[in-house]
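Q: Prediction below, plus the sequence it came from.
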Amino acid sequence: MRRICLPFLLAFVRIEFDSGITCFRDQCLANLRFAGSIKALHISSIHLKGSDILRQLLPRLPRLSWIHFESFKIVIESVHHLTSSDASKVLLHRGEIYHPHKKLLWESHLSRGMQVAQLTIHQPHFLHEGFRRFSGLRELDLIMGRRPVTLSWLPEVTSAHPQLQKITFQDRFKHYFSRKLTLPFISDFVEQVCREDGLNDVFDLTRLVVSRNTLTKQSSEQWHVSGLKIVVRSSLDRILPIINSSFPKVSVLSLEFQAQATYHIDNLINMLRRFPSLKTVGLRHAFNHLHYGCKKPWTHQRAMVINQSKKTPAAIMVEAGMFWYTTCIAQAISSVEAFFVYEEGMIGCDDWTAVGWYTVQNVPESRARCVIGELDSRKGFCKRCEI
């Protein structure tokens, strides 16, 4: 039985840090059967020493068919010697381009078959001049600037990348959408907002995500808005109905609260109920902008917050409150599957951060739904994990 199961148990190996690659090398050298069972490697984080070890070790893995790298630096240092047939086994998790038409450091790897799953492009206004093909591309992340971006390139890119499923337009510094620059996907939404007196000034659109419709071949219908992030200063009850009517297929909605406006949790739930496809909700700086009248039922749930020794009293209280709020939403809206929460120290409190994901689970033999997860206190929480 062991002889049968061992190759399946060891087919996929994930490696983090140089200590991990060192241990993996020792196992491969000590046990050729172990090395011969490896089919896929996922390399998260190794340095120069680890890259040297990996480069020497790859020829000893005869059945290896897939190498997933998180960092391009590891690719350069580890696999520059691979043949074209071996290079086609390499998948770069995320690549980054600062100018679409400058020669890439990884050009030779691409020409030999390296695949790129996610690609971030700065200065996307140059894309209309042409876009090279990236084998295996699944997600495209465009960092918007101050210049208008046309989508004349989209049909060609869609055709050349059959696995491409998602395009994200990031307006991190509010240089694009806040300057009334628009995209075809949101033109109707912008017109509706402009017809509402004063609504333009109470929110900012900072992220737009479009997803591919796999059931249609018509280019005009191949993409739909599936995700949004907005920064709200007031009038959320006026903004969300317009978003819902403009983008009925939104599955990811992220709300960042600013200024002084507050909302009863029941009112927020009623607003979110209007989104039939909603699966993921982002709540940033929400604790001070939500309330349950004069009651604070989460004060009795502080004991549920784990790792309290690593958190300030204020962070513990906020985490208990966000746990209670997200539980209310999850129990009221059956389509919601996950929450991303970001809170940080308030005026007069110690410097702290509470950030992370909650997932929603159905309670067996019951119609109840519960929220599971913990908020992290680290300031350096990975930005790419946010929504």
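A: Cool, got the structure.

Q: how about low-confidence regions in the stretch 101-250 of the chain?
A: Counting by pLDDT under 70, the low-confidence segments of the stretch 101-250 of the chain come to 101-105, 215-221.

Q: what helix or strand does T120 sit in?
A: Using DSSP states H and E, the secondary-structure element containing T120 is strand 115-122.

Q: hmm, who's touching that strand?
A: Contact with strand 115-122 is made by 88, 90-100, 110, 127, 134-143, 145, as judged by Cβ atoms under 8 Å, 6 or more residues apart in numbering. Placement of C-beta: from N, CA and C, glycine included.

Q: Out of those residues, which sit inside helices?
A: Here DSSP state H is the test, and these give L110 as lying in helices.

Q: ok, of the contacts of strand 115-122, which come out buried?
A: Among those, those that count as buried by neighbour count (16 or more other Cβ atoms under 10 Å) are 88, 90-95, 97, 100, 110, 127, 134, 136-137, 139-143, 145.

Q: Now do the contacts for the residue lying closest to R147 once chain neighbours are set aside.
A: Distances taken as Cβ to Cβ, 6 or more residues apart in numbering place H125 nearest to R147, at 4.1 Å, with adjacent residues excluded. H125 is in contact with 145, 147-150, counting by Cβ under 8 Å, 6+ apart.

Q: and if you look at S226?
A: Residues in contact with S226 (Cβ under 8 Å, 6+ apart) are 166, 209-211, 249-252.

Q: Just the buried ones among the residues you listed, please.
A: Burial of those was assessed by neighbour count (16+ other Cβ under 10 Å); the buried members are 166, 209-211, 250-252.

Q: Helices along this protein, start to end?
A: Listed in chain order, the helices of the chain (DSSP H) span residues 2-9, 17-30, 32-37, 48-57, 72-78, 84-87, 107-111, 154-160, 187-195, 236-246, 265-272, 313-332.

Q: Figure out which of the ones you listed is closest to S65.
A: Using Cβ to Cβ as the measure, helix 84-87 is the one of the helices of the chain that comes nearest S65, at 10.1 Å.

Q: What mean pLDDT does the closest one get?
A: Helix 84-87 comes out with an average pLDDT of 66.

Q: give me the number of residues near Q331?
A: 16 (other Cβ atoms under 10 Å).

Q: what about Y342, how many residues close to it?
A: The tally of other residues near Y342 (other Cβ under 10 Å) stands at 20.

Q: wait, what's in contact with it?
A: With the criterion set at Cβ under 8 Å, 6+ apart, Y342 makes contact with 282-285, 353-355, 386.

Q: Repeat the analysis, applying 7 Å as the threshold.
A: In this structure, Y342 makes contact with 284, 355, 386, judged by Cβ atoms under 7 Å, 6 or more residues apart in numbering.

Q: from those, which is closest to D188?
A: D188 has its nearest neighbour among the contacts of Y342 in R284, at 26.3 Å by Cβ to Cβ.

Q: so that closest one makes contact with L253?
A: No. Taking Cβ atoms under 7 Å as the definition, R284 is not a contact partner of L253, at 11.7 Å.

Q: give the contact list for V193.
A: When contacts are taken as Cβ under 7 Å, 6+ apart, V193 is in contact with 199-200, 242.

Q: would you turn the buried ones among the contacts of S226 into CSV with distance to M317?
A: As requested, the buried ones among the contacts of S226 are exported to CSV (distance: Cβ to Cβ, whole Å):
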residue, distance to M317
K166, 36
V209, 33
V210, 38
S211, 37
V250, 31
S251, 31
V252, 28
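
Q: Please list the members of those residues that lie in strands.
A: Among the buried ones among the contacts of S226, the subset assigned to strands under DSSP state E consists of 166, 209-211, 252.

Q: Just flag the most distant two among those residues.
A: The widest separation within these, taken as Cβ to Cβ, falls between V210 and V252 and amounts to 11.5 Å.

Q: Could you check how far F275 is from L240?
A: Here F275 is placed at a distance of 8 Å from L240 (Cβ to Cβ, to the nearest Å).

Q: I misspoke; the intended subject was E343.
A: Spatial separation of E343 from L240 under the definition Cβ to Cβ is 21 Å.

Q: Next, give phi and psi for the nearest residue in space to R179 that is not next to it in sequence.
A: For R179, ignoring the flanking residues on the chain, the nearest one in space by Cβ to Cβ, 6+ apart is R146 at 6.9 Å. Its backbone dihedrals place R146 at phi -100, psi -10, with angles given as degrees, to the nearest 10.

Q: Can you get me a residue count around R146?
A: As a burial measure, R146 scores 10 neighbours (other Cβ under 10 Å).

Q: Next: the one 4 residues further on.
A: Other residues within reach of T150 by the criterion other Cβ under 10 Å amount to 12.

Q: what's the nearest residue to it if we skip its chain neighbours?
A: Closest residue in space to T150, ignoring its immediate chain neighbours: H128 at 5.2 Å, by Cβ to Cβ, 6+ apart.

Q: Alright, calling it a day.
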